[in-house]
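Q: Quick check, what structure comes out for this input:
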Amino acid sequence: MYTKEQTKALQQSGIRFLEEAGKPLPSSSVESLRDVLRFHEYRYYVMNDPLLADAEYDRLYKMLEKAEAADSSIVTPDSPTQRVSKGLIKDFPKVQHLVPMLSLDNSYNAEDLIDFDRKARELSGAQEIAYCVEPKFDGASISLIYENDMLYRGATRGDGVVGDDITTNIRQIRSVPLSAKFSRYGIQQIEIRGEVLMNKNHFKAYNDALEEQGLPRLANPRNAAAGSLRIKDPKEVSRRNLEAFLYHVSDVTLLPGHRQPEQLLTHSGTLQMLWELGFRSPEKEKKVLKGIQAVVDYCLVFEKQRDDLSYEIDGMVIKVNQLEMQEQMGMTTHHPRWAIAYKFKARQATSRLKAVEFQVGRTGAVTPVAKIEPVTVGGVTVGSISVHNEDYIKDKDLLIGDTILIERSGDVIPQVVKSFPELRTGGEKMIAFPRNCPVCGYPLEKPEGEAVWRCNNSNNCEAQIVERIIHFTSKDAMDIRGFGEAIVKKFYALGYLKDIPGIYRLPFDKIRSLEGFGEKSITNLQAAIEASKQQPLHRLMYALGIRYIGETTAKVLANAVHHLLDFTSFSLEQLQELEDVGPKVAGSVYQFFHNDQNIQLLKELEAIGLQFKNLKKDLHAAGNLSGQTFLFTGTLVQLKRSEAEALVEQHGGKLLSGVSSKLNYLVAGEDAGSKLEKAKKIATIKVISEKEFLKMTGTDSLSS
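A: Alright, predicted model coming up:
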């Protein structure tokens with residue numbers, strides 16, 4: 001997109017702007033600064049070759065932001081500051097594609113490609129065809145429309161004819177230009193097809209962050225990308241580091257008096273045009289080849305290189321390169337006749353199932369784990385695979401000694417595809433699912449309607465005790481820094497730690513003699529343990545590891561009592577009256593607080609000095625919002641959402657997570673959406689503005 005001369009000039013301009021950071025930016029320099037920022041976005045998000053440090057880019061961005069804030073008349077729709085919109089998206093309207101987005105016919109071997117070529121030559125009358133071959137990206141399909149050089153609309157594939165308008169979310173993807181000089185090619189309007197994806201590194205980082213929050217990991221980058229496009233908070237979409245490859249021009253309207261440009265004569269020409277305009281097209285990955293045998297050879301070579309790419313692909317796409325020939329060949333109602341997808345072999349391998357071990361988790365769930373002969377699948381050596389539960393083992397017809405087929409795609413945990421009964425020798429053995437806990441020997445139970453066998457000897461099962469201690473010390477629970485899984489298991493094995501209260505009675509005189517435990521690390525661990533005693537009640541509630549209790553539910557429960565042991569007097573009905581507490585959660589909480597051993601544990605922890613009181617409730621019970629429930633929707637002007645929610649709690653009110661008959665006040669900010677519409681239908685809910693809310697809290701001076 002940028003020549004060497006342009007690159008040099010823009011780099012120098014960026015350096016000058018950085019040197020002048022802190023000084024007022026003349027209005028005559030604003031567009032020049034925008035050009036510099038667009039250039040560096042292109043280098044980072046399209047070329048993956050940044051020429052600025054992140055901090056330097058941020059300084060330039062802040063300069064532009066400040067200049068535009070001082071004079072709103074200079075803001076342009078394609079300014080780098082205008083990507084992230086304010087407020088939440090209300091909904092995703094349905095829009096019709098200019099040209100239907102058809103599927104591709106699939107091929108799985110050389111014979112399929114040779115047959116495709118035969119049909120293509122028959123339809124076109126050509127003796128030999130030039131094909132454009134490019135990667136088949138494994139992401140979420142999108143369609144973009146540009147009008148008069150500006151991004152006009154972005155949409156999902158939908159049913160191929162009608163998709164969802166996701167323009168606001170598309171604007172958050174920095175490899176998608178907000179404007180592009182299509183007019184250089186005489187183009188007034190253009191519809192482009194592409195794929196949104198999350199590269200392998202960003203996907204791993206995102207999954208790691210989910211795991212830290214105690215949330216389930218996403219299955220693969222494709223699911224991550226597709227789900228991200230329908231998030232209603234554009235800022236969250238921006239944080240997910242999505243990328244977009246644009247690989248097909250589906251419709252063009254030329255400016256009056258202009259002829260079709262040379263780039264629109266071939267598919268490879270359209271990819272080059274998109275690349276020159278700043279799009280991430282497969283210009284560098286594509287290859288134009290004559291004859292189908294060259295195509296087959298290239299597909300086989302590329303398949304071997306797929307793991308070296310920074311993103312997931314699941315095959316190659318072969319397209320007739322001449323667009324006039326494409327038009328002549330036409331399409332069926334399902335797929336174009338001028339293109340085909342060559343699907344790579346799934347990343348599979350065979351192995352032998354040697355044994356099955358049964359692991360016991362924190363809540364007593366018993367999970368069978370297959371031990372297999374180590375085999376490399378998708379670049380990873382696999383020696384263990386979860387086989388989930390007894391029903392799964394039966395469905396897959398698994399026996400000890402079986403030859404099995406396993407599959408791994410992207411970052412997905414390996415799965416057993418099937419066994420090969422025809423290869424059995426007669427020496428295979430049934431997998432005997434235990435009826436007693438493999439750790440403590442307690443009889444296992446499987447509640448009706450559940451697939452998991454469970455050990456209910458929670459207070460005497462060593463596996464559960466260790467897992468509960470690990471959970472108790474974790475970041476989102478009591479957050480005892482330096483007390484990770486490996487240390488918990490080590491101290492337990494040495495006999496220094498036998499239960500949760502034991503965390504607060506560790507024999508540090510003995511620990512000092514252990515290798516790797518210097519005075520500094522011991523001092524830090526002691527301080528972290530002591531600090532955990534002051535964690536608020538909702539963290540303790542979550543740390544106890546009660547089944548079905550996540551972080552959000554823990555807050556709801558903690559806010560319902562003055563003291564943790566108040567739950568001993570709650571009935572099942574009273575528990576179910578709490579917001580977001582259904583029969584399962586209520587039953588689990590009721591059982592926990594009516595178990596003598598659990599009560600003994602809690603009394604022990606209170607005696608040690610952990611925080612059992614709801615300080616917020618005690619402090620604000622008499623506040624002027626006492627007994628009232630609140631929910632916020634839309635964008636607040638005077639307060640951040642977190643500040644507004646804190647005000648509710650400070651004045652004795654209670655926060656709800658959704659609109660229901662239990663809600664007293666809905667505070668509606670700008671761009672309020674479905675919650676407002678739902679609240680209007682419930683007569684008992686009073687809808688108020690942010691200003692009215694501030695007046696209720698006695699802090700209305702903030703609005704002046």
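Q: Please make it C-alpha for all contacts and neighbour counts, starting now.
A: Noted.
Q: Verify the stated contact: D251 with L98.
A: Yes: between D251 and L98 there is a contact under C-alpha atoms under 8 Å: 7.0 Å.
Q: Next, show the common contact partners of those two.
A: Both D251 and L98 are contacted by E191, under the criterion C-alpha atoms under 8 Å, 6 or more residues apart in numbering.
Q: Show the contacting residues for G545.
A: Applying C-alpha under 8 Å, 6+ apart, the residues near G545 are 362-363, 468, 471-472.
Q: hmm, try it at 10 Å
A: 362-363, 467-469, 471-472, 477 (C-alpha atoms under 10 Å, 6 or more residues apart in numbering).
Q: for T7, same thing?
A: 1, 13, 36, 39-40, 43.
Q: what about the helix or strand containing E5, average pLDDT?
A: Assigned by DSSP states H and E, E5 belongs to helix 4-19. Helix 4-19 carries an average pLDDT of 86.
Q: buried set for the helix or strand just after it?
A: Sequence order places helix 30-41 as the next helix or strand after helix 4-19, per DSSP H and E. By neighbour count on 16 or more other C-alpha atoms under 10 Å, the buried set for helix 30-41 is 30, 33-41.
Q: Just put these in TSV and tack on distance to E276 and pLDDT.
A: Shown next, in TSV, are those (distance: C-alpha to C-alpha, whole Å; pLDDT from 0 to 100):
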residue	distance to E276	pLDDT
V30	24	89
L33	21	91
R34	19	91
D35	16	90
V36	17	90
L37	17	89
R38	14	88
F39	13	89
H40	15	86
E41	15	83
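Q: Compile these into TSV and extend it with columns for distance to D308.
A: Converted to TSV, the buried residues of helix 30-41 look like this (distance: C-alpha to C-alpha, whole Å):
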residue	distance to D308
V30	41
L33	36
R34	34
D35	33
V36	31
L37	30
R38	28
F39	27
H40	25
E41	24
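Q: Would you pull up how far stretch 374-383 lies from the middle of the chain?
A: 25 Å (C-alpha atoms, centre = their mean, to the nearest Å).
Q: hang on, I190 is in a strand, isn't it?
A: Yes: counting by DSSP: H, G, I helix; E, B strand; the rest coil, I190 is part of a strand.
Q: Could you tell me the phi and psi values at the residue nearest to it when sequence neighbours are not counted?
A: Sequence neighbours aside, V252 is the residue nearest to I190 in space, at 4.5 Å (criterion: C-alpha to C-alpha, 6 or more residues apart in numbering). Note on V252: backbone dihedrals following degrees, to the nearest 10 are phi -140, psi 140.
Q: got the contact list for V252?
A: 98, 145-146, 186-192, 260, 264.
Q: Which of these lies at the shortest distance from Q534?
A: I145 (55.3 Å; C-alpha to C-alpha).
Q: wait, isn't the closest one in contact with G194?
A: No: counting by C-alpha atoms under 10 Å, I145 stays clear of G194, with 11.4 Å between them.
Q: pLDDT weak spots in the stretch 201-350 of the chain?
A: Residues of the stretch 201-350 of the chain meeting the criterion pLDDT under 70: 210-220, 346.
Q: ok, back up a step: could you measure from the residue nearest to I190 over to Q260?
A: Distance, V252 to Q260, by C-alpha to C-alpha, to the nearest Å: 9 Å.
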